[in-house]
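> Fold the stuff below for me.
(one chain, ligands or ions: 1)
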Amino acid sequence: MDFLGLFDPSEEDSDVGSSSGSLGSAGMSSPDSSSPESSLEESSSSELEQLPDQLPPEPQLGNIEYKLKLVSPSKHRFQHLVTQMKWRLREGQGEAIYEIGVEDSGLMTGLEPAEMTASLTTLHRMAAELGAAVTVLRERRVPAAPGGPERCVSEVLVRKVPNGIHSVDLRLSLTFDLYPVQVPDDIHSVDLRLSLTYDFDFGPVQEPDIHSVYLRLAVPDDIHSVDLRLAVLGNADVGKSTLLGVLTYGELDNGRGRSRLNIFRHLHEIRTGRTSSISHEILGFDSEGNTVDYSASPTAEEICEQSTKLVTFIDLAGHQKYLKTTVLGLTGYSPHHAMLVVSANSGIAGTTQEHVGLALALKVPMFIVVTKIDLTSAATLRHTLAALEAMVRGPGCGKQPLRVVDETSAAEAAAAPSDTVPVFSVSSVTGAGLPLLKKYLHALSPSTGATERKRLEQQLCEFQIDETYRISETGVVVGGLLTKGIITEGARLSLGPLEDGTFTPVRVSTIHRNRRPSRVVRAGQAASLAIDRDVPGLRRGMVLLAPQARPTACIYFQATVCAFRPQAICRRLQTTVHLGNVRQTAVIEGVFDSTDQLPANKTTSAMFKFYRQPEYVSVGDRLLFRLGRARGYGIGTVTQVFPCRQEEKMM
Ligand SMILES: Nc1nc2c(ncn2[C@@H]2O[C@H](COP(=O)(O)OP(=O)(O)OP(=O)(O)O)[C@@H](O)[C@H]2O)c(=O)[nH]1
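Got it, this is the predicted structure:
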């Protein structure tokens, strides 16, 4: 099936990525050797020590494509390959990984140097057709047949700055004599349903029936770059703000806090050297993989303009005192990954384990950056790395550490599944290890599949408000994340809940994404929306919703909950609840099996009541709540929401 003119891998020609052709020397030249069984069969008949490495079979969906070789394809085949690349790029939100020299079964057969060069040339031509850039991430040698030529496998990143291929409905008035169709005199306007392609093309008109004229039209989209949101976690003073300063300002630190001055927002932060608020820092990459930072581009606008990929770091506070801010950053800003910063000197100290627990509970994939290696002896660094790896493998975490030591492991880390935790060692003063970290960030993808993105975009819109501003020329602006649907300029939405639990209509007058004007924002993207009027009581935690959703707020909601360690979860317990961008004190009004000491990880059901005002909550939302002073947290999932009744509305 070809949908939106894009490629469906299930229809792929059987020769794509299969081993037809040239593999006599490896003893695997059978035309159907792409099947795992046949590959295995033939491999076992050849000498065992010649067995090449094996990747998992090629995923049908997603942005990873295996190609055995791409040597001199016919014109027709080339077009097919380009269409397939378009599909893979779409799956990866503008990024695709090509494994060249690998069969569909995952068998790493490898290519001889001449074949590899020819294949990469074809890949460059395919990418050029789509305006995409190609970067070879790594090359791996595979065992050759005895006496045979050397073979290798290449992993290639293809990245395209999306220039907008999205379907739209337009209502156009046409001057009929522009078109070669017979049009009745009394028809003056038509409704046109458009499917999209790159070309501006007025065909094909199937019949002289004006009601079914189809246009194919390129519509510019406002997606300019791949967006990746990273939450920065770690104990106080481990060097988080410094690392961000060095990454985003392109200037090394002096070891006495020079770089972090660029990051701090408040005077007291500069005085104490501690982050207390959430700051957002950006690092761009151009299509060649070079960093775009403040050293060459003086403004954030220019960085956004010149980047094909934009990493937004959400710098969260490390000190225990500001843990609430940290939790808000993790729950409210929906980061794609968490970067846990650990000092090589102090290792797993202070809030480190708590931060790991939060990232795990919220299912945010994590990587670790060990800083200050310039201050640390080799023995201490080894000890810190070993302790971190033991923590990652341990029963509470259950993941696989991957130490990044060279370009190959950096590329491997970026492509690794979410149960892998890459570990980097860097110094913000000498710059050691930073190129590998940047290489990883360049290749790391937001990892929401195209199917999931499309599903979210098709839902009624839901915009979570994280920040509000009043700007003299623009008026009221709300910043936040669109979790569902699509918002376009001029959209009429419901804003709330207000103090009495109601919602009020507003109109979106302008949209900014990545500090630039935009006409549309899609599910998963952060944006600032200017609204047409001031709304009393406007605050973080409110939402903008499609009016058709008939939104309601609630004071009471029920959730299944569990605590990380033995905890009393009982009636009348007061707790701070984090639900997306909502943070409010709530009281537990009832517990299904009330107990003084709920065992760790045992689940129960509890009824919560917001203390201050009604909030917008949906069934299925994940919540995190703080249990008393023992620094314990509970997590849960909302199972039932009780819409506000008149008598429940708060004053
Ligand atoms: N020598 C050396 N010093 C570093 C390095 N990274 C950070 N520092 C120093 O460590 C101190 C603390 O760094 P910060 O970046 O403020 O630490 P933080 O983790 O952001 O602290 P909070 O904001 O409290 O969470 C500063 O004086 C930095 O100059 C490094 O790699 N090497």
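> Can you tell me the closest non-neighbouring residue to the residue positioned nearest the centre of the chain?
Centrality entry for the chain: nearest residue to the mean C-alpha point is P446, 2.3 Å, by Cα atoms, centre = their mean. Distances taken as Cβ to Cβ, 6 or more residues apart in numbering put H336 closest to P446, at 4.5 Å, once the chain neighbours are dropped. C-beta coordinates here come from the backbone N, C-alpha and C atoms, glycine included.
> what's the spacing between the residue nearest to the centre of the chain and L228?
Applying Cβ to Cβ, to the nearest Å, the value for P446 to L228 is 5 Å.
> anything in contact with each of the two?
Between them, P446 and L228 share these contacting residues under Cβ atoms under 8 Å, 6 or more residues apart in numbering: H336.
> what's the helix or strand for the residue nearest to the centre of the chain?
Assignment of secondary structure by DSSP states H and E places P446 within no helix or strand.
> residues touching it, list them.
Counting by Cβ under 8 Å, 6+ apart, P446 touches Q93, V226, D227, L228, R229, H336, G524.
> ok, the last one - contacts?
When you say that, I think you mean G524. Taking Cβ under 8 Å, 6+ apart, we find G524 in contact with S334, P446, T448, R453, L456, L481, L482, T483.
> out of those residues, which is most surrounded?
L482 (25 neighbours; other Cβ atoms under 10 Å).
> can I assume it sits in a strand?
Yes - judged by DSSP: H, G, I helix; E, B strand; the rest coil, L482 forms part of a strand.
> if we can go back for a sec, among the contacts of P446, name the ones in strands.
Mapping these onto strands (DSSP state E) picks out V226, D227, L228, R229.
> Any idea what the first one is bridged to?
When bridges are taken as DSSP bridges, the partners of V226 come out as K309.
> Give me the distance between it and the ligand.
When distance is defined by Cβ to the nearest ligand atom, to the nearest Å, V226 is 26 Å away from the ligand.
> And for the third one?
Noted for L228: a distance of 21 Å to the ligand, by Cβ to the nearest ligand atom.
> and that residue, what is it in contact with?
By Cβ under 8 Å, 6+ apart, the contact set of L228 is K309, L310, V311, T312, H336, H337, L441, L444, S445, P446.
> just the residues of the stretch 451-600 of the chain that are near the ligand, which are they?
Proximity of the stretch 451-600 of the chain to the ligand (Cβ under 6 Å from any ligand atom) involves no residue at all.
> any weak-confidence spans in the stretch 451-600 of the chain?
The model of the stretch 451-600 of the chain has pLDDT under 70 over residues 451, 515, 564-568, 593-600.
> Go again with 50.
The stretch 451-600 of the chain contains no residues with pLDDT under 50.
> before we move on, what about the chain?
For the chain, the ranges with pLDDT under 50 are 1-51, 163-224, 264-277, 646-651.
> Would you map out the domains in it?
For the chain, the structural domains run 64-160, 226-447, 452-545, 554-643, going by the TED database.
> Which strands and helices lie in contact with the helix or strand hosting F463?
Taking DSSP H and E as the definition, F463 sits inside strand 462-471. Counting by 3 or more Cβ pairs under 8 Å, 6 or more residues apart in numbering; DSSP states H and E, the packing neighbours recorded for strand 462-471 are strand 475-484, strand 526-531, strand 543-545.
> Note down every partner strand of the longest one and its orientation.
Paired neighbours of strand 475-484 in the sheet (DSSP bridges): strand 462-471 (antiparallel), strand 526-531 (antiparallel).
> Let me have these in CSV, adding mean neighbour count as columns.
Shown next, in CSV, are the strands paired with strand 475-484 (neighbours: other Cβ atoms under 10 Å):
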stretch, mean neighbour count
strand 462-471, 18
strand 526-531, 21
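> To A144, which of the ones you listed lies closest?
A144 lies closest to strand 526-531 among the strands paired with strand 475-484, at 49.1 Å (Cβ to Cβ).
> now that closest one, how far from the chain's geometric center?
Centre-to-centre, strand 526-531 and its host chain are 20 Å apart (Cα atoms, centre = their mean, to the nearest Å).
> what do you get for stretch 372-381?
Taking Cα atoms, centre = their mean, one finds stretch 372-381 lying 32 Å from the centre of the chain it belongs to.
> Please apply the same query to stretch 366-382.
Here stretch 366-382 is found 27 Å from its chain centre; the criterion is Cα atoms, centre = their mean.
> Send over it as PDB, restricted to the C-alpha atoms.
Output of stretch 366-382 as PDB, limited to C-alpha atoms (Å, rounded to 0.1, in the frame of the first residue of the first chain):
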ATOM      1  CA  MET A 366      18.600   7.800  30.500                       C
ATOM      2  CA  PHE A 367      22.300   8.300  29.800                       C
ATOM      3  CA  ILE A 368      25.100   9.200  32.200                       C
ATOM      4  CA  VAL A 369      27.800  11.900  31.900                       C
ATOM      5  CA  VAL A 370      30.700  11.600  34.400                       C
ATOM      6  CA  THR A 371      32.200  15.100  34.700                       C
ATOM      7  CA  LYS A 372      35.400  16.600  36.200                       C
ATOM      8  CA  ILE A 373      37.600  13.800  35.000                       C
ATOM      9  CA  ASP A 374      40.500  16.400  34.900                       C
ATOM     10  CA  LEU A 375      40.300  16.600  38.700                       C
ATOM     11  CA  THR A 376      40.200  12.800  39.300                       C
ATOM     12  CA  SER A 377      42.800  10.100  39.400                       C
ATOM     13  CA  ALA A 378      42.500   7.200  37.000                       C
ATOM     14  CA  ALA A 379      41.800   4.900  40.000                       C
ATOM     15  CA  THR A 380      38.900   7.100  41.300                       C
ATOM     16  CA  LEU A 381      37.400   7.400  37.800                       C
ATOM     17  CA  ARG A 382      37.500   3.600  37.400                       C
END
